[in-house]
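[1] I would like to see how this sequence folds:
(4 chains)
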There are 2 protein chains.
Amino acid sequence: MHIVTEGVVRLHKTLADGRRMVIGFALPGDFLGFSDRDVHATSADALGPVATCKISREAFQELLDAKPHLMRRLHTELIHEFTLAQERLMLLGRCSARERMAAFFVNMRNRWKRVNGQVANVALPMSRQDIADFLGLTIETVSRMITTLARERVIVIVPDGIRILDLPRLEAIAVG
Amino acid sequence: MHIVTEGVVRLHKTLADGRRMVIGFALPGDFLGFSDRDVHATSADALGPVATCKISREAFQELLDAKPHLMRRLHTELIHEFTLAQERLMLLGRCSARERMAAFFVNMRNRWKRVNGQVANVALPMSRQDIADFLGLTIETVSRMITTLARERVIVIVPDGIRILDLPRLEAIAVG
DNA sequence: CGGGAAATTGATACAACTCAAGATCAGTGG
DNA sequence: CCACTGATCTTGAGTTGTATCAATTTCCCG
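    Sure, this is the predicted structure:
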């Protein structure tokens, strides 16, 4: 059980035939390993230098037993994650590549904002392949969508990320 | 807060432009409304006659406070649901229509089995459109995939559901 | 500066979507 | 009991968005 304190961690699953799905990216402040179970199914690895705060399962359980309100807090957090996963189902099942890409940028912006207030540039420490596997697309499609958004002056590509030029527009694309 | 005791409940979200995603189907024994929050975002409606066991949020919270181990149990349950949602992400993001269809049947079979031991026939109380919106496909594609599986003698179409003829084969298709 | 990985761009292919008929089924009333 | 009606499902033909395959180009980093 860890909490990321610095850097970004990638969580992913791989099918027997090699098809990969990135489940998510854990930013500073995010939990890792809500459960024992999915550790078997999901692998995690660092994108660049990462610092985490480790807590043993036993210690964590003790803590929860000692402070019941913490359990509720964790519960709320889990439900929140659950809701996000459902929104992602909608994204993957019913949205176009362009919409997914826009939603991804808006989402990353909001998460970085909560982490460090930085909003001008949206850092993308993951590779294009990671983004593709996160959005259920191919690397080429991701590249094309980014290029298109950049040509439309909605974003600009900067080293290690993008800068959002027209947030309202990007949000409008994201919802459909 | 409800628990379904009889019948099937459909949970879904709809985008502003009408695109719909069925988040899930709640079978007898399944929880409805883990949280207040997603009630706003997700709507639920009955597929045919449904009986539920209702419990107020306050009463439920009292119960949880009185029996801490129940909280843990619920927590475990939530994590399990969470893991299932992640498998669904893989399904929607990286699997073909045929694979999704097969996975859906295998999944429904296992769930019905836990509910009533019935395994011979897999009941499908939802419409083709519902299945399509659950799998991120169109109704026509769903229909075609079912027809194909039936022609291959992997399943047979029966009134209000299907019968699985070759489970190993179906499972093999489901994983990829 | 050179070399290898990552990203972009282009050409083509294909799986799933869309549009358009039919077929099947369920319910209704003569 | 059977014709009638609307809804659901299936089937077919053609289109399209994304994948695939194949070159470049750009970016690192030694």
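
[2] does stretch A:9-16 reach DNA strand D?
    No - using C-beta under 7 Å from any atom of the strand, we find that stretch A:9-16 stays clear of DNA strand D, coming within 12.8 Å at best. (Each C-beta comes from the backbone N, C-alpha and C, glycine too.)

[3] chain A: strands as residue ranges?
    For chain A, the strands defined by DSSP state E cover A:2-14, A:20-26, A:31-32, A:43-54, A:121-123, A:155-158, A:161-164.

[4] list the contacts for the nearest residue to residue A:164 once chain neighbours are set aside?
    Excluding the flanking residues, the one nearest residue A:164 by C-beta to C-beta, 6 or more residues apart in numbering or on different chains is residue A:155, at 5.5 Å. Residues near residue A:155 by C-beta atoms under 8 Å, 6 or more residues apart in numbering or on different chains: A:105, A:146, A:149, A:162, A:163, A:164, A:165, A:166, A:170.

[5] filter those to the buried ones?
    A:105, A:146, A:149, A:162, A:164, A:170 (16 or more other C-beta atoms under 10 Å in any protein chain shown).

[6] apart from its neighbours in sequence, what residue is nearest the fourth one?
    Among residues not flanking residue A:162 along the chain, residue A:155 sits closest, at 4.7 Å (C-beta to C-beta, 6+ apart).

[7] again, but for the third one
    Once flanking residues are discounted, residue A:149 sits nearest to residue A:155: 4.9 Å by C-beta to C-beta, 6+ apart.

[8] can you tell me how far the residue of chain A positioned farthest from its centre is from chain B?
    Distance from the C-alpha centroid of chain A peaks at residue A:66, with 31.3 Å (C-alpha atoms, centre = their mean). For residue A:66, the distance to chain B (C-beta to the nearest C-beta, to the nearest Å) stands at 11 Å.

[9] can you pull the pLDDT of that residue?
    Note on residue A:66: pLDDT of 84.

[10] which ones are touching residue A:94?
    Neighbours of residue A:94 in contact, by C-beta under 8 Å, 6+ apart: B:15, B:19, B:20, B:21, B:136.

[11] closest to residue A:1 out of those residues?
    residue B:21 (31.7 Å; C-beta to C-beta).

[12] kindly provide the distance from the closest one to DNA strand C.
    Counting by C-beta to the nearest atom of the strand, to the nearest Å, the gap from residue B:21 to DNA strand C is 12 Å.

[13] do the same with residue A:157
    Applying C-beta to the nearest atom of the strand, the value for residue A:157 to DNA strand C is 6 Å.

[14] burial of the closest residue to that residue other than its chain neighbours, as a residue count?
    Spatial nearest neighbour of residue A:157, chain neighbours left out: residue A:150 (5.4 Å); criterion: C-beta to C-beta, 6+ apart. For residue A:150, the neighbour count with other C-beta atoms under 10 Å in any protein chain shown is 15.

[15] next one: the one 4 residues further on
    Using other C-beta under 10 Å as the criterion, residue A:154 is surrounded by 20 other residues.

[16] and the residue nearest the centre of chain A, how far from residue A:105?
    Closest to where the C-alpha atoms of chain A average out (C-alpha atoms, centre = their mean) is residue A:25, at 3.6 Å. According to C-beta to C-beta, to the nearest Å, residue A:25 stands 13 Å off from residue A:105.

[17] what segments of chain A are helices?
    A:37-41, A:57-66, A:68-94, A:97-116, A:128-135, A:139-151, A:167-175 (DSSP state H).

[18] just checking, what packs against the last one?
    By that I understand helix A:167-175. If you count contacts as 3 or more C-beta pairs under 8 Å, 6 or more residues apart in numbering or on different chains; DSSP states H and E, helix A:167-175 packs onto helix A:97-116.

[19] counting by contacts, list what the helix it packs on packs against.
    helix A:68-94, strand A:121-123, helix A:128-135, helix A:139-151, strand A:161-164, helix A:167-175.

[20] I'd say residue A:46 and residue A:4 touch.
    No - at 9.2 Å, residue A:46 does not count as touching residue A:4 under the criterion of C-beta atoms under 8 Å.

[21] which of those two has more neighbours?
    Neighbours around residue A:46 and residue A:4, counted as other C-beta under 10 Å, are more numerous at residue A:4. The numbers are 22 against 15.

[22] which ones are touching that one?
    Here residue A:4 is in contact with A:26, A:27, A:28, A:29, A:30, A:32, A:50, A:51, A:52 (C-beta under 8 Å, 6+ apart).
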